[in-house]
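**Student:** can you look at this prediction? I've put the sequence above it.
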Amino acid sequence: MFNIKLDTHCLKFILCRLSNPFRGGSEIEKEKSKQKNLNLDYAYCEEIIKKHSKSFYFAFSRLPEEKAKAVYAIYAFCRQADDSIDEADSSKEQQKALQSIRKMLEQFEKGEDPDSPVWRALRDVFNRFDMSLKPFYDQLEGQTMDYNFKQPESLKDLEKYSYFVAGSVGLMLLPILATKHHQELKETAISLGVAMQITNILRDVGEDQREINRIYLPVELMNEVGYTYNDLKSQVINPSFISMWETLATRSETLYKIVKQDLSKFDTDSQLPVLLSANVYAEILSTVRKNGYDCFNQRNKTSFIKKLSIYRNTQKTLKSYK
């Protein structure tokens, strides 16, 4: 009654299903299990960012789910590298830890993924987005600069260091936040990362000197304003300190403005998180100012209520851009 013609591929498919009728269901279950495990890997990464960077999480958790999870995986990689070095008991152990992370990254580059939640999630990110490994290697170079730390001589040296430890993160995130224009936004992404790093340095001046014996304030700038190491150790807040602090804060704020000028080139669904991250971090500088430049004894955190206010204002600002 019916004239049906079957091509070779169709016939093979029917014969295959007849010989193994449960094969399709098994593959579906296998795929579901794989996705479930991947979701657990991403959840592991999300817990890391929630624990260690509330401001970063507050901003980028507002991305669409696929993009947000990619950000979590990248942050977890950076945190894993940072923690492995910080937890080492000696310089030799720090070097060993860094070599281990670098070796895993080299394996990852060859397609030999280390068996851990962070690396599995990161592989999925590389499968989904147009990622580059260079900023990941640059991040490890930044970790090397950390454990071989030397006070920067100039603002240029500080920004170079800030690129490796934070600007590199901006480049890692860029293909996720600007899928169409990431090649032309590299300097913008670096500016955001460097601005955030300088902001963190200005917030943690006292803690860095007191707890890890690091001075990120450039030598040239300290000499220029007449602020000494003893002043820093004694937690002196005077006109010289304020002048030096404001010089760096102004540079950070200039970099935030660069990001805002290029905001329209980011994906529409990523513009709010990018602008929000700049505004939340910039508020840290305002908080330090309100607290009389006391970045020795006060943490200068931005409260959750304040972040919500910044979020609402950022939404209004974004509407005015359009």
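**Tutor:** Thanks, I have it.
**Student:** burial measure for V71, as a count.
**Tutor:** Counted with other CB atoms under 10 Å, residues neighbouring V71 total 26. Using the backbone N, CA and C atoms, a C-beta is placed for each residue, glycine as well.
**Student:** so where's this protein shaky on pLDDT?
**Tutor:** Residues of the chain that meet the criterion pLDDT under 70 lie in 1-25, 321-322.
**Student:** let's see that with 50 instead.
**Tutor:** Within the chain, the segments meeting pLDDT under 50 span 1-6, 8-19, 22.
**Student:** which segments of it make up each domain?
**Tutor:** Annotated domains of the chain cover 39-148, 185-199+210-322 [automatic domain parsing].
**Student:** what's the closest of those domains to Y163?
**Tutor:** Nearest of those to Y163, taken as CB to CB: domain 185-199+210-322 at 6.0 Å.
**Student:** for the chain, longest helix please?
**Tutor:** Longest helix in the chain, counting residues (DSSP state H): helix 23-52.
**Student:** ok, then the element right after it?
**Tutor:** helix 54-60 (DSSP states H and E).
**Student:** send the alpha carbons of that following helix over as CSV?
**Tutor:** Taking Å, rounded to 0.1, in the frame of the first residue of the first chain, the C-alpha atoms of helix 54-60 are listed here in CSV:
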residue,chain,number,x,y,z
LYS,A,54,31.7,38.2,48.3
SER,A,55,32.0,41.4,46.2
PHE,A,56,33.1,39.5,43.1
TYR,A,57,30.3,36.9,43.6
PHE,A,58,27.7,39.6,44.2
ALA,A,59,28.5,41.2,40.8
PHE,A,60,29.0,38.2,38.6
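**Student:** distance of the residue nearest to L275 when sequence neighbours are not counted relative to Q261?
**Tutor:** Computed as CB to CB, 6 or more residues apart in numbering, the closest residue to L275 that is not its neighbour in sequence is T314, at 5.4 Å. Per CB to CB, to the nearest Å, T314 is found 16 Å from Q261.
**Student:** neighbour count: those two, which is higher?
**Tutor:** Of the pair T314 and Q261, T314 is the one with more neighbours under other CB under 10 Å, namely 22 against 11.
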